[in-house]
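Asker: Next comes the sequence, and after it the predicted model I'd like to discuss.
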There are 2 protein chains.
Amino acid sequence: MPNRVNAEKPVGVFDSGLGGLTVLSAIQEKLPNENLIYFGDTARVPYGSKSKETVIKYSLEILDFLLEKKVKMIVAACNTVSAYAIEEMRKKSSVPVIGVIEPCVKTVSQKAPENEKIAVIATKSTIKSGAYEKLLKKVRPDVYLFSKAAPLFVPLVEEGFSEKAVTEEIIKEYLDEISKEKIKHIILGCTHYPLLKKTIKRIYPEFILYDSSIETALFLELKLKENQLQSQNKAAGQIELFVSDVTDSLYDLEKLFFGKTIDRIEKVLLGW
Amino acid sequence: MPNRVNAEKPVGVFDSGLGGLTVLSAIQEKLPNENLIYFGDTARVPYGSKSKETVIKYSLEILDFLLEKKVKMIVAACNTVSAYAIEEMRKKSSVPVIGVIEPCVKTVSQKAPENEKIAVIATKSTIKSGAYEKLLKKVRPDVYLFSKAAPLFVPLVEEGFSEKAVTEEIIKEYLDEISKEKIKHIILGCTHYPLLKKTIKRIYPEFILYDSSIETALFLELKLKENQLQSQNKAAGQIELFVSDVTDSLYDLEKLFFGKTIDRIEKVLLGW
């Protein structure tokens, strides 16, 4: 019997900045009955260049904020948080916490043939964490994971250069190695990368791309079902956006990553 | 008569991150007798994507830290701070505070012929602040300033791509407009850009580049002289580096921007 009171609570989604809105967008599309709360730590973005200790500290502050908002489940829509702070968050959280790494690894591990080579492309910090590798080794010790940091992809996407010729050149700079290794299964290990899918596929039509935003939305659906926490309220589907700093680029980035701007925005001070 | 006690105090230099080490490097070369303290806010870098309010708050925290270290003068080796927070810092500081914008504007205003067109390239936030424009208008109302944001230059430099072919393409993407306008005097309005000088000059040999790190070192020399605060101690020349987070890329970025690593590093918690 589903717990009706808890099922009507919102899902909390957060990221170091606004890149996680690609995850929010996929969740909204997949689960239109859910009320969603998004927190973007725009005052302290990016997390990728910070130490593990700092990322944990910030993530726990956000956890407190989301728990105060009475969320029923939390999605850490940030690869750095998923790599460095998810265990600490789970220890302190009264509700389930989902990251973006596990869902992708789950899907790719189901789809990849035996002894297949798989690649993950991500930011430097995510690659350095070895989080994809560790998780994949557990479920598919037969596959070989090729890890590649692509630090310029985030600024290229944010500059609106996703489909420019010069971006094709930089994509080749990072991914030619993977193509030469005849690797086909590619995990996009960063919330910004879904915007590069089209350009990557144009250069490498043979690639099968695993988009963490879509995989995470599917994983959330499964976890809500398992916990009997799916909202049945068709009048729901509200989104509230909280940020730690109202920056000049806020609306541009909302449009870039969410496709539109969100009406309900509030500034929250964390760690001041 | 110089104040010997004050003259032997260190100069405080700070930046949102480690890019300001290009300024520290130029200062050390120009003023080898000075003891230098550098603070890089590596936990909260970059400032360019933050609101003015946040930049002022962080700058004043750093001011307090440097004043506690008994510095005789402060260099804000950060264009965002120089644009948004320098006045607030001066109001609260017991020692002179120098930014990186004024020195460049001073030199270019002395060198540019009448009614000349000048360009400044910088990050989005520096361009948006209009700080170069305002300052230049005061001293040379005859010149026309063409402002161009080049957001990808910082990540390209940090990725070590300064001299790659793909960087040439992105430089052209941003600067062809300036070249077509027949503008020759170009202010490099970001601490990272000195590393792109060679590549820019290869594409546009006609450009006269104004390097804010060198201009700021010269300006500091002048201000120390004016205030009779030049160190006469030939055994000085010590550098101490303080950061707000010890990140993985710390040593790489030190080498990139300072040419070598600095032995004396200490982590300081600000705003925790």
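Answerer: Good, I have the coordinates. Since we're looking at a predicted model, the values are computed, not measured.

Asker: didn't residue A:156 look like it was pressed against residue A:173?
Answerer: No: if you go by C-beta atoms under 8 Å, residue A:156 and residue A:173 don't touch, sitting 11.4 Å apart. Bear in mind the C-beta positions are built from the backbone N, C-alpha and C, glycine included.

Asker: Identify all contacting residues around stretch A:111-118.
Answerer: Applying C-beta atoms under 8 Å, 6 or more residues apart in numbering or on different chains, the external contacts of stretch A:111-118 come out as A:108, A:136, A:140, A:142-146, A:181-187, A:208.

Asker: Try it again at 6 Å.
Answerer: A:108, A:142-145, A:183, A:185 (C-beta atoms under 6 Å, 6 or more residues apart in numbering or on different chains).

Asker: Buried residues in that stretch, which are they?
Answerer: By 16 or more other C-beta atoms under 10 Å in any protein chain shown, the buried positions in stretch A:111-118 come out as A:112, A:118.

Asker: Rounded mean pLDDT for it, please.
Answerer: Averaging pLDDT along stretch A:111-118 gives 94.

Asker: can you dump the C-alpha coordinates of stretch A:81-94 into PDB?
Answerer: C-alpha atoms of stretch A:81-94 as PDB (Å, rounded to 0.1, in the frame of the first residue of the first chain):
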ATOM      1  CA  VAL A  81      29.200  14.700  -5.800                       C
ATOM      2  CA  SER A  82      28.200  11.200  -7.000                       C
ATOM      3  CA  ALA A  83      31.900  10.200  -7.000                       C
ATOM      4  CA  TYR A  84      33.000  11.800  -3.700                       C
ATOM      5  CA  ALA A  85      30.100  12.500  -1.400                       C
ATOM      6  CA  ILE A  86      27.300  10.000  -2.000                       C
ATOM      7  CA  GLU A  87      28.200   7.600   0.800                       C
ATOM      8  CA  GLU A  88      28.500  10.400   3.300                       C
ATOM      9  CA  MET A  89      25.200  11.800   2.200                       C
ATOM     10  CA  ARG A  90      23.500   8.400   2.500                       C
ATOM     11  CA  LYS A  91      24.900   8.000   6.100                       C
ATOM     12  CA  LYS A  92      23.300  11.300   7.100                       C
ATOM     13  CA  SER A  93      20.100  11.200   5.100                       C
ATOM     14  CA  SER A  94      16.600  10.000   6.200                       C
END
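
Asker: For that stretch, buried residues please.
Answerer: For stretch A:81-94, a neighbour-count test (16+ other C-beta under 10 Å) marks A:81-86, A:88-89, A:93 as buried.

Asker: Number of residues surrounding the residue nearest to residue A:81 when sequence neighbours are not counted?
Answerer: Nearest non-adjacent residue to residue A:81, counting by C-beta to C-beta, 6 or more residues apart in numbering or on different chains: residue A:59, 5.1 Å away. Neighbour count for residue A:59, taken as other C-beta atoms under 10 Å in any protein chain shown: 25.

Asker: and if you look at residue A:251?
Answerer: Residues near residue A:251, counting by other C-beta under 10 Å: 13.

Asker: Let's see the pLDDT reported for it.
Answerer: 89.

Asker: Does it lie in a helix or a strand, and which?
Answerer: Per DSSP states H and E: residue A:251 is located in helix A:250-258.

Asker: That helix near chain B anywhere?
Answerer: No: judged by C-beta under 6 Å from any C-beta of the partner chain, helix A:250-258 stays clear of chain B, getting no closer than 9.4 Å.

Asker: Might you report the residue contacts of the residue of chain A found nearest chain B?
Answerer: Closest residue of chain A to chain B, C-beta to the nearest C-beta: residue A:155 (4.1 Å). Contact analysis of residue A:155 by C-beta under 6 Å, 6+ apart lists B:152, B:155.

Asker: The spatially most central residue of chain A: what's it in contact with?
Answerer: Note on chain A: the residue nearest the mean C-alpha position is residue A:77, at 3.5 Å, using C-alpha atoms, centre = their mean. With contact set as C-beta under 6 Å, 6+ apart, residue A:77 has these partners: A:13, A:15, A:20, A:23, A:100, A:191.

Asker: What number of residues are in the vicinity of the residue lying closest to it once chain neighbours are set aside?
Answerer: Nearest non-adjacent residue to residue A:77, counting by C-beta to C-beta, 6+ apart: residue A:20, 3.2 Å away. By other C-beta under 10 Å, 29 other residues sit near residue A:20.

Asker: For residue A:20, list the residues it contacts.
Answerer: By C-beta under 6 Å, 6+ apart, residue A:20 lies in contact with A:77-78, A:191.

Asker: Check pLDDT for these and point me to the minimum.
Answerer: Lowest pLDDT within the contacts of residue A:20 is found at residue A:191 (93).

Asker: So what does the closest residue to that one other than its chain neighbours have for phi and psi?
Answerer: Spatial nearest neighbour of residue A:191, chain neighbours left out: residue A:19 (3.9 Å); criterion: C-beta to C-beta, 6+ apart. Per-residue torsions, residue A:19: phi -60, psi -30 (degrees, to the nearest 10).

Asker: how about the residues of the stretch 1-150 of chain A near chain B?
Answerer: Neighbours of chain B within the stretch 1-150 of chain A, by C-beta under 6 Å from any C-beta: A:43, A:49-51, A:54.

Asker: ok so, going back, the residue of chain A closest to chain B belongs to a strand, doesn't it?
Answerer: No: assigned with DSSP: H, G, I helix; E, B strand; the rest coil, residue A:155 falls outside any strand and is helix.

Asker: Look up phi and psi at the nearest residue to residue A:162 once chain neighbours are set aside.
Answerer: The shortest distance from residue A:162 to any non-neighbouring residue, by C-beta to C-beta, 6+ apart, is to residue A:195 (4.7 Å). The phi and psi values for residue A:195, taken as degrees, to the nearest 10, are phi -70, psi -10.

Asker: Give the residue spans of the stretch 1-150 of chain A that score low on pLDDT.
Answerer: For the stretch 1-150 of chain A, residues meeting the criterion pLDDT under 70 lie at A:1-2.

Asker: where do the strands sit along it?
Answerer: Using DSSP state E, counting those that start in this stretch, the strands of the stretch 1-150 of chain A run over A:11-15, A:36-40, A:73-76, A:97-98, A:117-122, A:144-149.

Asker: Can you tell me which of those strands is nearest to residue A:227?
Answerer: strand A:73-76 (7.4 Å; C-beta to C-beta).
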